[in-house]
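1. just the structure for this:
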Amino acid sequence: MLKKGEVDAASSSRLYDMEANDPLQQLVDRSGLSDADLRQISQLMAALGRLRDAEERLSEASLKYMKLNPSDMRALHYLIVSANRGVIATPGAIAAQLQISTASTTKLLDRLERAGHVTRKPHPSDRRALAIAITPETHEAAMQTVGRQHARRFLAAARLTPAERDVVMRFLDDMAEEISVDKDAWT
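-> Here you go, the predicted model:
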């Protein structure tokens with residue numbers, strides 16, 4: 001039985017079918033591809049769509065559970081990784097990681113500190129900086145919920161052979177390159 005918001009694989013495949021999306025081949029010349037190739041490529045695109053949908057559902061559930069917005073969650077993730085690596089996180093490093101202004105970072109940290117998610121302390125070696133740390137309670141809650149769900153990705157990757165992982169990485173990198181925003185196309 002499908003959960004709310006989920007689409008069965010057949011419906012998802014039809015949504016990504018190139019014949020339905022580009023019947024006149026204005027976007028993609030498919031003349032060199034067989035019907036079997038077209039079906040398989042459409043199935044691959046549908047699989048990517050299902051992955052994107054699953055990631056969106058996970059993100060929404062995480063945000064709802066933690067009662068945070070996306071920037072807050074990204075900041076907490078950065079703080080967890082920094083702590084795991086023994087790196088002292090600073091407001092400037094958070095701003096750079098999230099690609100937000102220092103003013104936005106201050107508001108974000110104020111919000112997270114009020115909610116009991118982070119602490120701010122003097123930096124141990126730089127008098128001008130602050131050291132930002134995630135609280136143990138928030139770290140544990142994030143690891144047992146969001147972290148546990150995200151770790152399942154590792155398990156899916158571990159089930160692949162090294163050669164399969166190479167193919168998937170090449171495909172995903174190529175896909176990322178193909179869909180990166182061409183600023184000239186949007187002006």
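
2. from now on I want contacts and neighbour counts done on CA atoms only, so please keep to that.
-> Will do.

3. residues near Leu76, how many?
-> 23 (other C-alpha atoms under 10 Å).

4. element containing it, please.
-> Element membership for Leu76 (DSSP states H and E) is helix 70-85.

5. got the CA positions of that helix in PDB?
-> This file holds the C-alpha atoms of helix 70-85, laid out as PDB (Å, rounded to 0.1, in the frame of the first residue of the first chain):
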ATOM      1  CA  PRO A  70      16.300  23.900   6.500                       C
ATOM      2  CA  SER A  71      19.100  26.400   7.300                       C
ATOM      3  CA  ASP A  72      19.000  25.400  10.900                       C
ATOM      4  CA  MET A  73      19.200  21.700  10.000                       C
ATOM      5  CA  ARG A  74      22.100  22.300   7.700                       C
ATOM      6  CA  ALA A  75      23.900  24.300  10.500                       C
ATOM      7  CA  LEU A  76      23.400  21.400  13.000                       C
ATOM      8  CA  HIS A  77      24.700  18.900  10.400                       C
ATOM      9  CA  TYR A  78      27.800  21.100   9.900                       C
ATOM     10  CA  LEU A  79      28.300  21.300  13.700                       C
ATOM     11  CA  ILE A  80      28.000  17.500  14.100                       C
ATOM     12  CA  VAL A  81      30.600  16.900  11.300                       C
ATOM     13  CA  SER A  82      32.900  19.600  12.800                       C
ATOM     14  CA  ALA A  83      32.700  18.000  16.200                       C
ATOM     15  CA  ASN A  84      33.300  14.500  14.800                       C
ATOM     16  CA  ARG A  85      36.400  15.900  13.100                       C
END
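
6. what are the contacting residues of that helix?
-> Leu63, Ile88, Ala89, Ile94, Gln97, Leu98, Leu108, Leu112, Ile132, Ala133, Ile134, His139 (C-alpha atoms under 8 Å, 6 or more residues apart in numbering).

7. mind listing what's buried in it?
-> For helix 70-85, burial by neighbour count (16 or more other C-alpha atoms under 10 Å) applies to Asp72, Met73, Ala75, Leu76, His77, Tyr78, Leu79, Ile80, Ser82, Ala83.

8. pull the longest helix from this structure.
-> Longest helix of the chain, by residue count under DSSP state H: helix 35-66.

9. buried residues, that one. List them.
-> Going by neighbour count (16+ other C-alpha under 10 Å), the buried part of helix 35-66 is 38-39, 41-43, 45-47, 49-50, 59, 62-63, 66.

10. and which of the residues you listed is nearest Pro162?
-> Of all the buried residues of helix 35-66, Ala47 has the smallest distance to Pro162: 20.8 Å, by C-alpha to C-alpha.
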